[in-house]
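> Structure, please.
(chains A, B, C and D)
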Protein chains: 2
Amino acid sequence: MPGTSLDFSARLRAAGLRPTRQRVALARLLFAGGHRHVTAEALHAEVKASRMPVSLATVYNSLNQFRDAGLLCEVVVAPGRSYFDTNIGHHHHFFIEPDGELHDFPSDKVTIAGLPAPPKGTRLARVDVIVRVRR
Amino acid sequence: MPGTSLDFSARLRAAGLRPTRQRVALARLLFAGGHRHVTAEALHAEVKASRMPVSLATVYNSLNQFRDAGLLCEVVVAPGRSYFDTNIGHHHHFFIEPDGELHDFPSDKVTIAGLPAPPKGTRLARVDVIVRVRR
DNA sequence: CAAGGAGTTTAGAATTATTCTAAACACTGC
DNA sequence: GCAGTGTTTAGAATAATTCTAAACTCCTTG
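The predicted structure follows:
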């Protein structure tokens, strides 16, 4: 029976996070369906409508913890506008400027050549590509 | 005599902006030397130390106007952290994660192949590449 | 399976970054 | 110079996020 709390509990535990009721509720919203892009506010609104409401502070805490644990990644597209993306595979983003919509596209067809070496004493963490488009 | 207010006045006027004392002071700080990456707060601190202090609101206004006029570009690296970059040529960025330093690198050696076409009804505005590195 | 401690959650305050407001001011064309 | 529109300003307002400290809950141990 997929989609039960047990799945999410196990997944949280595997990530080193205690499976509290709140975190399980958020994980279900985030990971039950396909990939999602959510803001903290939007997720808070969603969970508030559920049987297990969660405070905004906890939504922020959990999203940050999920990100640090590698369950999510964060995409900052504009000052004061950041999305959490449940797709953690290699991929990049389209950002549709007037409305602020964000769409994934897979990175397997994309090749980036000629990047300079990281500055001395640093190692590569991630390459973000944001393709900004307008109507 | 390069670097006089007149140069900056002309440049602002050419961009469709009235060359007020405040905007000229900011333009001098931004464009007199080589390329720079500044936050609004940092630029405000700089200009406050000068003979022609400028309010923080004006620093924000001016940076936004300069960006809209194409004199600057804005790079958002983390929630609540955005830099204004006086380099408006094609280029990309290194972001050094723990300290928040930002460095340019030219895009002439970099090629990005295989990007999907923009979604229907949109056209490409800009491609941002941020290479995130850690110590 | 009860108890206790560490880790979590919460409401609300605090912080940070940025924008707004309305009154005072200054650049430009006449 | 004068007027009129655009600009600047201090301070308040807004928005996104984090902090605080008290209450709570998960998990381990006995």
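> Show me where chain A has its strands.
A:37-38, A:73-78, A:81-85, A:91-96, A:101-106, A:111-113, A:123-134 (DSSP state E).
> Identify whichever of those lies nearest to DNA strand D.
Closest of those to DNA strand D is strand A:81-85, at 4.1 Å (criterion: C-beta to the nearest atom of the strand). Every residue, glycine included, has its C-beta placed from N, CA and C.
> What residues of the closest one count as buried?
A:82-85 (16 or more other C-beta atoms under 10 Å in any protein chain shown).
> does any part of stretch A:19-39 sit near chain B?
No. Among the residues of stretch A:19-39, none lie within reach of chain B under C-beta under 8 Å from any C-beta of the partner chain; the closest is 10.4 Å away.
> returning to that earlier point: now tabulate the strands of chain A in JSON lines and tack on mean pLDDT and distance to B:His35.
Below are the strands of chain A laid out as JSON lines (pLDDT from 0 to 100; distance: least, C-beta to C-beta, whole Å):
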{"stretch": "strand A:37-38", "mean pLDDT": "96", "distance to B:His35": "33"}
{"stretch": "strand A:73-78", "mean pLDDT": "93", "distance to B:His35": "22"}
{"stretch": "strand A:81-85", "mean pLDDT": "94", "distance to B:His35": "26"}
{"stretch": "strand A:91-96", "mean pLDDT": "93", "distance to B:His35": "25"}
{"stretch": "strand A:101-106", "mean pLDDT": "89", "distance to B:His35": "29"}
{"stretch": "strand A:111-113", "mean pLDDT": "90", "distance to B:His35": "23"}
{"stretch": "strand A:123-134", "mean pLDDT": "92", "distance to B:His35": "21"}
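> Reformat the buried residues of strand A:81-85 as a markdown table; add distance to chain B.
Formatted as a markdown table, the buried residues of strand A:81-85 follow (distance: C-beta to the nearest C-beta, whole Å):
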| residue | distance to chain B |
| --- | --- |
| A:Ser82 | 4 |
| A:Tyr83 | 10 |
| A:Phe84 | 11 |
| A:Asp85 | 14 |
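> among those, which are within reach of DNA strand D?
A:Ser82 (C-beta under 7 Å from any atom of the strand).
> quick one: pLDDT of A:Arg135?
Model confidence at A:Arg135, given as pLDDT, is 84.
> Go ahead and confirm it touches A:Pro98.
Yes. Look at A:Arg135 against A:Pro98 with C-beta atoms under 8 Å: they come within range, at 6.0 Å.
> Out of the buried residues of strand A:81-85, which is nearest to A:Arg13?
Nearest to A:Arg13 among these, counting by C-beta to C-beta, is A:Phe84 at 20.5 Å.
> is the closest one in a bridge, and if so with what?
A:Val38, A:Glu74 (DSSP bridges).
> residue contacts, it?
If you count contacts by C-beta atoms under 8 Å, 6 or more residues apart in numbering or on different chains, A:Phe84 has them with A:30, A:37-40, A:43, A:63, A:66-67, A:72-75.
> Residues of chain A that sit close to DNA strand D?
Counting by C-beta under 7 Å from any atom of the strand, chain A sits next to DNA strand D at A:13, A:18-21, A:39-41, A:56-57, A:60, A:64, A:80-82.
> Can you give the domain ranges for chain A?
Domains of chain A are assigned by automatic domain parsing as A:5-78, A:87-133.
> Quick one: closest of the ones you listed to B:His92.
Per C-beta to C-beta, nearest to B:His92 of these: domain A:87-133, 8.2 Å.
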